[in-house]
Each structure stands twice: as structure tokens, then as C-alpha cells.
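K.L.:
got a structure for you, letters missing:
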């Protein structure tokens with residue numbers, strides 16, 4: 001089975017999440033203009049989807065942007081230090097919500113794993129990038145990816 005998720009749907013999901021969870025209003029998350037960004041000091045958060053279709057929803061950004069997202073999501077002040085635990089909780093929750101929305105679009109559902117956060121996205125050799133949506137949050141680079149991971153398929 002293949003994912004029935006279109007790139008436009010990924011963009012809508014991301015915009016809805018950011019307007020409701022991060023910014024409180026629409027307009028701060030837009031499509032990236034130009035070549036997809038190369039991320040310095042990357043942070044990636046992901047959640048696996050298992051079932052008739054298995055894959056991974058991932059959110060990539062740079063560490064300073066991940067700190068700003070964490071502050072916004074957790075209601076912290078602009079100068080407040082973000083701990084590793086706060087960063088993992090915040091960007092992990094964003095990936096979790098993206099994954100949950102992607103799962104809702106699949107005709108046969110499945111199960112959502114727990115969010116994980118690291119500097120790199122671990123992928124198997126059979127991983128296939130279904131969608132990579134380059135975005136700009138308040139001018140900062142952010143990429144939402146949907147991967148098909150056949151090795152996660154369950155009977």
C-alpha cells in the first residue's frame with residue numbers, strides 16, 4: 001500500500017500546527033523560496049507510523065530555531081535557556097502532531113510511535129522520501145519530511 005498523502009496536505013498540516021500551537025495566528029510559516037536550505041547544526045524530530053502503510057514523519061531545523069520553537073510552544077521568554085529535555089519535548093511534540101495528522105489521512109490508519117529527537121534522522125536502506133517540504137518559519141529554515149519505511153511494515 002502507498003501513502004495517500006499529497007505534498008499540499010503536508011503543507012496544510014504544517015501551517016495549521018504552527019498557527020495553532022506556535023504562533024497563535026496564521027502567516028508565520030510559509031513555503032521556502034529557492035533551493036531547499038542546508039541546515040547548520042541540525043535538529044530532527046520524528047515519529048514512526050506502523051500499520052498497512054509504514055513510514056516516518058520528520059521535522060528538521062537548525063538548533064537555534066529548535067530553541068525558538070521550544071520557547072514558543074512552552075510559553076518561555078525569549079531569553080530563557082532551553083534545556084535538552086525541553087527541546088526534546090517541544091520539537092518531539094511537533095513531530096508527533098505532524099505524524100498524527102498524516103496518520104489521519106491514511107485510509108487504514110495504523111499506530112503512531114513515540115517521538116524521538118536527534119541530530120540526524122536514522123533511516124534504513126529501503127527508506128523512500130515521499131515528500132520533503134521546505135518551509136520558512138519567521139524566515140528560518142524548517143523541513144517536513146514523510147518517509148516510506150517498508151521494513152517497519154507489520155503483517
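P.N.:
Yep, that arrived. Keep in mind the model is a prediction, meaning the values are calculated, not measured.
K.L.:
Could you pull out the helices in this structure for me?
P.N.:
Counting by DSSP state H, the segments of the chain that form helices are 7-17, 63-74, 84-105.
K.L.:
center of this structure - which residue?
P.N.:
By C-alpha atoms, centre = their mean, the chain has its centre lying nearest to residue 59, at 2.7 Å.
K.L.:
OK, contacts around it?
P.N.:
Neighbouring residues of residue 59 by C-beta atoms under 8 Å, 6 or more residues apart in numbering: 44, 45, 46, 91, 94, 95, 98, 142, 143, 144, 145. No exception for glycine: its C-beta is placed from N, CA and C like everyone else's.
K.L.:
make it 7 Å
P.N.:
44, 45, 91, 94, 95, 98, 142, 144 (C-beta atoms under 7 Å, 6 or more residues apart in numbering).
K.L.:
Enumerate the positions of the helix or strand of the chain with the lowest mean pLDDT that are buried.
P.N.:
Least confident helix or strand of the chain, by mean pLDDT, DSSP states H and E, is helix 7-17 with a mean of 86. Using 16 or more other C-beta atoms under 10 Å as the test for burial, helix 7-17 gives 9, 10, 11, 13, 14, 15, 17.
K.L.:
Kindly indicate which of those residues lies nearest residue 112.
P.N.:
Of all those, residue 13 has the smallest distance to residue 112: 14.0 Å, by C-beta to C-beta.
K.L.:
thinking again about what came up before, format the buried residues of helix 7-17 as JSON lines; extra columns: distance to residue 128.
P.N.:
Putting the buried residues of helix 7-17 into JSON lines (distance: C-beta to C-beta, whole Å) gives the following:
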{"residue": "9", "distance to residue 128": "18"}
{"residue": "10", "distance to residue 128": "15"}
{"residue": "11", "distance to residue 128": "20"}
{"residue": "13", "distance to residue 128": "20"}
{"residue": "14", "distance to residue 128": "20"}
{"residue": "15", "distance to residue 128": "25"}
{"residue": "17", "distance to residue 128": "24"}
